[in-house]
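Visitor: Okay, structure incoming, though there's no sequence with it:
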């Protein structure tokens with residue numbers, strides 16, 4: 001039986017855990033909340049309390065795994081230092097590590113971005129994400145990086161966060177990916193043992209006004225107003241490398257279809 005350890009069992013990580021448990025993997029999960037330990041155990045997972053702020057703990061059994069999914073928000077406190085403390089606990093050569101990264105690593109420029117864009121500390125969008133990726137690249141022999149666009153689906157939709165608020169840059173195009181497609185991509189890279197960097201983003205990029213108005217009407221919420229900018233950048237994330245290389249098929253090519261599940 002293969003073991004997958006999920007470092008960060010949040011909205012995405014929990015769904016990945018449930019998926020691999022159904023596929024007869026032994027599943028280890030981590031949480032920063034002690035109240036969730038027993039809840040996760042009841043679902044059939046081996047659960048661990050791991051916090052990026054505390055490095056004086058030894059979780060060798062958690063990191064003894066075939067696949068390690070790092071699904072911690074890039075904004076988490078002490079993330080880089082925490083990575084340094086866990087490297088010694090991981091089989092750096094044989095463990096397949098999957099890092100959930102973000103498409104916000106690309107600079108805010110008026111252009112399209114694919115994985116061939118040469119990033120460095122000066123031109124990246126968010127330096128902490130770039131440094132996290134580089135740290136993992138320096139250490140892991142079998143590494144997959146998934147740069148996710150805005151993660152949406154089910155109870156998470158963009159208009160929800162603008163209820164009774166004003167949406168700025170209403171003509172700006174969006175980059176979103178459905179959680180189901182991220183889970184599907186994780187399964188695919190595990191199955192094919194693909195060690196590469198992939199953007200994950202739906203093919204279509206409607207503007208905020210188009211999409212948020214549709215979502216607000218669908219979910220019966222009110223957005224106060226839309227404001228339009230004259231000067232703005234449309235940063236478009238291209239997510240077709242994974243389709244070309246792995247024959248991966250997105251379930252959701254268009255954010256307008258996210259409500260179909």
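Guide: Nice, I can see it. Keep in mind the model is a prediction, meaning the values are calculated, not measured.

Visitor: tell me the helices in the stretch 151-261 of the chain, going along the chain?
Guide: For the stretch 151-261 of the chain, the helices defined by DSSP state H, counting those that start in this stretch cover 179-192, 208-219, 241-246.

Visitor: And the longest one, what does it pack against?
Guide: Pointing back at helix 179-192 there. Helices and strands touching helix 179-192, as assessed by 3 or more CB pairs under 8 Å, 6 or more residues apart in numbering; DSSP states H and E, comprise helix 11-22, strand 96-102, strand 142-148, strand 150-152, strand 197-200, helix 241-246. Where you see a C-beta, it was placed from the backbone N, CA and C, and this is true even at glycine.

Visitor: Nearest approach to residue 129 belongs to which of these?
Guide: strand 96-102 (5.5 Å; CB to CB).

Visitor: Paired strands for whichever helix or strand comes after that closest one, with orientation please.
Guide: Per DSSP states H and E, the first helix or strand lying C-terminal to strand 96-102 is strand 112-113. Sheet pairing for strand 112-113, assigned by DSSP bridges, gives strand 236-237 (parallel).

Visitor: that older thread, with distance to residue 157 added, can I get the helices of the stretch 151-261 of the chain in CSV?
Guide: What follows is the helices of the stretch 151-261 of the chain, written out as CSV (distance: least, CB to CB, whole Å):
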stretch, distance to residue 157
helix 179-192, 11
helix 208-219, 5
helix 241-246, 23
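
Visitor: can I get those in a markdown table with distance to residue 110 and mean pLDDT?
Guide: A markdown table is the format used below for these (distance: least, CB to CB, whole Å; pLDDT from 0 to 100):
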| stretch | distance to residue 110 | mean pLDDT |
| --- | --- | --- |
| helix 179-192 | 26 | 98 |
| helix 208-219 | 16 | 96 |
| helix 241-246 | 21 | 98 |
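
Visitor: Just give the nearest non-adjacent residue to residue 252, would you?
Guide: residue 178 (4.2 Å; CB to CB, 6 or more residues apart in numbering).

Visitor: The one you found and residue 201: what is the separation?
Guide: 10 Å (CB to CB, to the nearest Å).

Visitor: again, but for residue 194
Guide: 18 Å.

Visitor: So for the two, which sits in the more crowded spot?
Guide: residue 201 (26 against 18; other CB atoms under 10 Å).

Visitor: does the more buried one really touch residue 242, like I thought?
Guide: No - if you go by CB atoms under 8 Å, residue 201 and residue 242 don't touch, sitting 9.9 Å apart.

Visitor: Residue ranges in the stretch 1-150 of the chain under the pLDDT threshold?
Guide: Counting by pLDDT under 70, the ranges of the stretch 1-150 of the chain that qualify are 54-58.

Visitor: can you give me the helices in it?
Guide: Along the stretch 1-150 of the chain, counting by DSSP H, counting those that start in this stretch, helices occupy 11-22, 37-42, 60-63, 79-86, 127-139.

Visitor: could I get these as JSON lines with distance to residue 93 and mean neighbour count?
Guide: As requested, the helices of the stretch 1-150 of the chain are exported to JSON lines (distance: least, CB to CB, whole Å; neighbours: other CB atoms under 10 Å):
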{"stretch": "helix 11-22", "distance to residue 93": "22", "mean neighbour count": "18"}
{"stretch": "helix 37-42", "distance to residue 93": "29", "mean neighbour count": "13"}
{"stretch": "helix 60-63", "distance to residue 93": "14", "mean neighbour count": "16"}
{"stretch": "helix 79-86", "distance to residue 93": "15", "mean neighbour count": "16"}
{"stretch": "helix 127-139", "distance to residue 93": "10", "mean neighbour count": "17"}
